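Engineer: No sequence on hand, only this structure:
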């Protein structure tokens, strides 16, 4: 039963981090920009424990969750994901190279680039994100919310309940890739 639960969690993770084809009646979506910001651009050192809940509109199994540890210092961002108490993924980003260690059961279509993009879109300062955006993309940032848009169309919305933004509940809604990510974070030393 534990093995089946782990496989379901892995499948849910892949469903939420892999781009889905759009229905034929809709226009194809433009890929979201990669950010690839340096860890030091966060402007802080953080160490968080997180509970991540992924919901993809094409996933009939409903929302999936996993636990994560996120650490960022000026030299390195590290994210470790756990399902059913087992480490399934470790990402390391030093500002130049994205390295990953993955459980062999994690399906090949899982992409670590969108995970890095989402972490940086959610937590990095607005000015740093704006500087990394290609022409035509904009980021609006205000109290408790930020929105990534292109040509007046919203692609990603992030809502924050905590201050600083990496504490408390955060909800990312990705309209381009059709998923929602809810992040409950707290300092790792609590």
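Structural biologist: Perfect, I can see it now. The model shown is predicted, which means the values in this text are computed figures rather than measured ones.
Engineer: When you work out contacts or count neighbours from here on, use the C-alpha atoms and nothing else.
Structural biologist: Fine.
Engineer: Could you find the closest non-adjacent residue to residue 161?
Structural biologist: Once flanking residues are discounted, residue 161 sits nearest to residue 169: 5.3 Å by C-alpha to C-alpha, 6 or more residues apart in numbering.
Engineer: Could you list the residues in contact with the helix or strand hosting that neighbour?
Structural biologist: Using DSSP states H and E, residue 169 sits in strand 168-174. Identification of contacts with strand 168-174 by C-alpha atoms under 8 Å, 6 or more residues apart in numbering yields 122, 155-162, 179-186.
Engineer: Low-confidence stretches in this structure?
Structural biologist: By pLDDT under 70, the low-scoring segments of the chain are 1-29, 60, 62.
Engineer: can you pull out the strands in it?
Structural biologist: Listed in chain order, the strands of the chain (DSSP state E) span 46-56, 64-73, 76-83, 86-93, 98-102, 137-142, 145-150, 153-160, 168-174, 179-187.
Engineer: Using JSON lines, lay out these together with mean neighbour count and distance to residue 109.
Structural biologist: JSON lines is the format used below for the strands of the chain (neighbours: other C-alpha atoms under 10 Å; distance: least, C-alpha to C-alpha, whole Å):
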{"stretch": "strand 46-56", "mean neighbour count": "21", "distance to residue 109": "15"}
{"stretch": "strand 64-73", "mean neighbour count": "20", "distance to residue 109": "17"}
{"stretch": "strand 76-83", "mean neighbour count": "20", "distance to residue 109": "17"}
{"stretch": "strand 86-93", "mean neighbour count": "18", "distance to residue 109": "14"}
{"stretch": "strand 98-102", "mean neighbour count": "15", "distance to residue 109": "12"}
{"stretch": "strand 137-142", "mean neighbour count": "16", "distance to residue 109": "27"}
{"stretch": "strand 145-150", "mean neighbour count": "18", "distance to residue 109": "25"}
{"stretch": "strand 153-160", "mean neighbour count": "19", "distance to residue 109": "22"}
{"stretch": "strand 168-174", "mean neighbour count": "19", "distance to residue 109": "19"}
{"stretch": "strand 179-187", "mean neighbour count": "20", "distance to residue 109": "16"}
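Engineer: Okay then, goodbye and thanks.
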